[in-house]
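# Compute the structure for the input listed below.
(chains A and B)
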Protein chains: 2
Amino acid sequence: MTETITGEPANSPHPLSRARAEQHDRDDPLALMRRRFDLPGGLIYLDGNSLGALPRGVAARLGEVTRHEWGDKLIAGWWQGWMDLPRQTGARIAPLIGADPDHVIACDSTSLNLYKLAAAALLARPDRSVILSDADNFPTDLYMFEGLSTLMGKAVELRTVPRAAIMDHLTTDVALLSLSHVDYRTAEQWDMAALTHAAHKVGALSLWDLSHSAGAVAVDLAGAQADMAVGCGYKFLNGGPGAPAYLYVAPDLCNTLVNPLSGWMGHQAPFDFAPRYQPAEGIDRFACGTPPVLGLAALDRALEVFADVDLPALYAKGQALCALFLALTKDLPGICALSPAKDIPRGCHVALSHRQAKTIMAQLASRGVVGDFRPPDVMRFGFSALYCRYVDVWDAAHALALEIGKSEDGLSDNQAHPSPPHPAP
Amino acid sequence: MTETITGEPANSPHPLSRARAEQHDRDDPLALMRRRFDLPGGLIYLDGNSLGALPRGVAARLGEVTRHEWGDKLIAGWWQGWMDLPRQTGARIAPLIGADPDHVIACDSTSLNLYKLAAAALLARPDRSVILSDADNFPTDLYMFEGLSTLMGKAVELRTVPRAAIMDHLTTDVALLSLSHVDYRTAEQWDMAALTHAAHKVGALSLWDLSHSAGAVAVDLAGAQADMAVGCGYKFLNGGPGAPAYLYVAPDLCNTLVNPLSGWMGHQAPFDFAPRYQPAEGIDRFACGTPPVLGLAALDRALEVFADVDLPALYAKGQALCALFLALTKDLPGICALSPAKDIPRGCHVALSHRQAKTIMAQLASRGVVGDFRPPDVMRFGFSALYCRYVDVWDAAHALALEIGKSEDGLSDNQAHPSPPHPAP
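The predicted model follows:
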């Protein structure tokens, strides 16, 4: 923890004491951001990496779009703002991922956007068949590529290899390298620029899943020369349960890639009702069906939270929260940290393993400390720096220590516990 | 119009008089249904076939799901109702389309659901390559099949033929016959049972787009032995702008068809995070990404309107409204009815063509009569029997007559008009 603190007065409290955590909160220039969220009292919410908390203003915006736009304007609503939502929302995401606003669009789900772009990559590399990915990539990423392979037969081979072996498998038969920038379990981060460069060297395209990155850690798609990216709206972007996802395509590819999910909203002139598909210019061609206005309006409003945030300070705070939690839990009995230690880039969540992880997470939840459990033995704690406090980290670590103490005292894995946490999207 | 009225007293007003329309409204057993909607005053809304009006209770439900479920329950919301929404909403749609509740799921967009099922049909008929459709089918249906063909190359041939030639082209190379049950322009209706039977006779599967049917006309998927169907949530189902769509797969195909858009929500055990895709049993395998909770909650609540509605009475009223409008407009100068006359099955909207359609629709809108315009010269009027009155039909026809009179008086097509109606989803 000490690596994040400089110029400590000689008599300051112990770096790992609750008093020091309180002091950090007092000194935190982002502390007021918490007021932008409606958080339930008495809860330490460390699952913003699964579902972000409710930003203030979203419920009111939904009331407005429902009563005053849908209710009063009816069909005219489409031309008084709704049609702009996919691009407008995409433009709000752009600064969080290092992209030009004209190259991001909010649409569909992460899964579907992965399919669109992976298929587009294969069509752009007709002499190649391999999609290369990490065997521990998020399951839906792999499932969508598997579906593409089911449909296209021998034209697509999904090659999944251990994380450490990715570079060795970047061969000239690879059409697409697709990775999650931040690992959903361990929070390990790929070096996006290095991997993209390596992909380009063998003539492959790169596709990045930013679901656990955007809003949590610095992402620089343009700087890394990444070709394509997707991400979800409901984690660190706080867009609500099942919020629309987004996708990015680099400027040099935007008008050449072909989206096979060629719905009418990706057409050059959807309201001409032409019999043949003609893709729109630019990022619009990656849209598909009618935009989901309610979900987009919520996500769009939620993203306003980020408009004036000092992003480097936000990312630094996120890392400091994770570092504090790792420091506070590293010596707990039976605990093994799966997330990288200091100086290794990581996301904004921490994964710990413990033999009785499931039981412990259930007990923590009943104490008002909400993280999540990933089979078989992983406890995940997400630290959304917009609304998470240092003192929350301290209290959560303290509660975890108490539960682990109990479990070491002989609590069996088979004992009945109320409401074991159920993994959720 | 007289065909819908029986036992008229000898002194009753003229069948096409406004007094008779008022009398129909007084006698209408469904008249109170209009109170279930929040309709803006002073508007005759005849575009519910594009975007259904706002049902009362939907705004409150969205407030509840946002503030009390997302805001207060956070991640726990998934296991306190949200995960059930796709199937629960599908089950509410089932009685409107003649389906078993276990075989309908609300998910994604109509376009994406068409793609899933068309691809599944092609995988189920590996020795065939043809998707047969009507050249005047809704554009996104054709665009999605075109995208499938772009991706699969020679394995897919999209064959579009004139409506009248469909039967002649149902040959043994057809894998899939895909039609819109009700034509989005003319409201013509296909005989679903006869066409499905003909498709089966040549070994093809059938896929029906019910976007302009569900909630408007009787649909009997099971009775017609239809194989698959899709439809949208925002027209006669009143689910809100860009509401989630739905899909149906017949019981005998549910566990054999393969969904190539194989996202994690279609997995047998999504939260096992298994490396390989294993499809769920039944209709769940046709889900893909994380369910859009806000949109689903709105659609789910909107469908409650139908729960106690006498459906045969609703469909009969819809036909009567259309018949009245056709009778009132048939002799207007320059008007040509594109929709079928009486005794020919049609949907719940009416299409008329006129040389100055665009101008006329703009003028009607400025008088508070909202229909829509489809290029080049089509005026469309939708009659949602839940909230549309006979007197609305009469007043709309009267307003149309006045506008046509003006246009016949020499109003040029090139004259500037305020806010010409822009086609919308």
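# ok, and for stretch A:53-71, which residues are buried?
Under the neighbour-count criterion of 16 or more other Cβ atoms under 10 Å in any protein chain shown, stretch A:53-71 has A:53-56, A:58-59, A:61-62, A:65-67, A:69-71 buried. From N, CA and C alone the C-beta is placed, and that goes for glycine too.
# Okay, and which of those map to helices?
Using DSSP state H, the subset of the buried residues of stretch A:53-71 located in helices is A:58, A:59, A:61, A:62.
# Save the residues you listed as JSON lines, and put in distance to residue B:180 too.
As requested, these are exported to JSON lines (distance: Cβ to Cβ, whole Å):
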{"residue": "A:58", "distance to residue B:180": "36"}
{"residue": "A:59", "distance to residue B:180": "37"}
{"residue": "A:61", "distance to residue B:180": "34"}
{"residue": "A:62", "distance to residue B:180": "32"}
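# Can you narrow the residues you listed down to the ones near chain B?
A:58, A:59, A:62 (Cβ under 8 Å from any Cβ of the partner chain).
# circling back: as TSV, the buried residues of stretch A:53-71 with pLDDT and distance to residue B:79 would be great.
Output for the buried residues of stretch A:53-71, formatted as TSV (pLDDT from 0 to 100; distance: Cβ to Cβ, whole Å):
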residue	pLDDT	distance to residue B:79
A:53	98	18
A:54	98	18
A:55	98	23
A:56	98	25
A:58	98	22
A:59	98	22
A:61	98	27
A:62	98	23
A:65	98	28
A:66	98	26
A:67	98	30
A:69	98	32
A:70	98	29
A:71	98	32
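# Mind checking which of those land in strands?
A:54, A:55 (DSSP state E).
# which one of the ones next to chain B among the ones in helices among the buried residues of stretch A:53-71 sits closest to chain B?
residue A:59 (4.4 Å; Cβ to the nearest Cβ).
# And for that closest one, nearest residue in space, chain neighbours not counted?
residue B:66 (4.4 Å; Cβ to Cβ, 6 or more residues apart in numbering or on different chains).
# Tell me, how many residues neighbour residue A:165?
13 (other Cβ atoms under 10 Å in any protein chain shown).
# and what of residue A:298?
33.
# Name the nearest residue to it, sequence neighbours excluded.
Counting by Cβ to Cβ, 6+ apart, the residue nearest residue A:298 is residue A:240, at 4.7 Å.
# What's the separation between the one you found and residue A:318?
Distance, residue A:240 to residue A:318, by Cβ to Cβ, to the nearest Å: 21 Å.
# Most widely separated two among the ones in helices among the buried residues of stretch A:53-71?
A:59 and A:61 (7.3 Å; Cβ to Cβ).
# Tell me the first helix or strand C-terminal of the helix or strand of chain A with the lowest mean pLDDT.
Scoring the helices and strands of chain A by mean pLDDT, DSSP states H and E places strand A:372-374 at the bottom, with a mean of 91. Remark: after strand A:372-374, the chain's next helix or strand is strand A:378-382, criterion DSSP states H and E.
# Now look at that following strand and say if it contacts chain B.
No. Using Cβ under 8 Å from any Cβ, strand A:378-382 stays clear of chain B, coming no nearer than 9.7 Å.
# For that strand, name the packing helices and strands.
With contacts defined as 3 or more Cβ pairs under 8 Å, 6 or more residues apart in numbering or on different chains; DSSP states H and E, the packing partners of strand A:378-382 are strand A:349-353, helix A:357-366, strand A:372-374.
# what's the closest of the ones you listed to residue B:368?
It's strand A:372-374; of the helices and strands packed on strand A:378-382, that one is closest to residue B:368 (Cβ to Cβ) at 52.3 Å.
# chain center to that closest one, what's the gap?
Distance, stretch centre to chain centre, for strand A:372-374: 16 Å (Cα atoms, centre = their mean, to the nearest Å).
# In its sheet, which strands sit next to it, and in what direction?
strand A:378-382 (antiparallel) (DSSP bridges).
# relative to helix A:357-366, how tilted is the strand it pairs with?
40 degrees (axes from the mean of the first three to the mean of the last three Cα atoms, to 10 degrees).
# now the angle from strand A:378-382 to strand A:349-353?
160 degrees.
# State the mean pLDDT of strand A:378-382.
Average pLDDT, strand A:378-382: 97.
# Which of the helices and strands packed on strand A:378-382 has the highest mean neighbour count?
Per-stretch averages of neighbours, counted by mean count of other Cβ atoms under 10 Å in any protein chain shown, single out strand A:349-353 among the helices and strands packed on strand A:378-382, with a mean of 25.
# And the contacts of it?
A:49, A:185-187, A:212, A:216, A:322, A:325-326, A:329, A:335-339, A:374, A:377-383 (Cβ atoms under 8 Å, 6 or more residues apart in numbering or on different chains).
# one step back: could you check which of residue A:240 and residue A:318 has the larger neighbour count?
residue A:240 (31 against 25).
# Residues of the stretch 151-300 of chain A that sit close to chain B?
A:151-152, A:160, A:232, A:234, A:240-245, A:258-265, A:267, A:270-277, A:288-296, A:298.
# roughly how far out does stretch A:207-225 sit from the chain middle?
On Cα atoms, centre = their mean, the centre of stretch A:207-225 falls 9 Å from that of its chain.
# Need the distance between the two termini of that stretch.
Taking Cα to Cα, to the nearest Å, stretch A:207-225 runs 11 Å from one end to the other.
# Show me which residues of that stretch are buried.
Buried residues in stretch A:207-225 (16+ other Cβ under 10 Å): A:207-219, A:221-222, A:224-225.
# Narrow those to those in strands?
Of these, the ones assigned to strands by DSSP E are A:207, A:208, A:209.
# partners of the last one in the sheet?
In this structure, residue A:209 has beta-bridge partners residue A:180, residue A:230, where bridges are defined by DSSP bridges.
# Surely it and residue A:184 touch.
No. Using Cβ atoms under 8 Å, residue A:209 is not in contact with residue A:184; the gap is 9.0 Å.
# joint contacts of those two?
Counting by Cβ under 8 Å, 6+ apart, the residues touching both residue A:209 and residue A:184 are residue A:138.
# Low-confidence stretches in the stretch 251-400 of chain A?
Along the stretch 251-400 of chain A, no part satisfies pLDDT under 70.
# Show me what residue of it gets nearest to chain B.
Closest point on the stretch 251-400 of chain A to chain B, by Cβ to the nearest Cβ, is residue A:289, at 2.6 Å.
# which one is that residue nearest to, not counting chain neighbours?
Residue A:289 sits nearest to residue B:109 (Cβ to Cβ, 6+ apart), 2.6 Å away.
# Can you name the residues that contact that neighbour?
A:108, A:263, A:288, A:289, A:290, A:292, B:232, B:242, B:244, B:245 are the contacts of residue B:109 under Cβ under 8 Å, 6+ apart.
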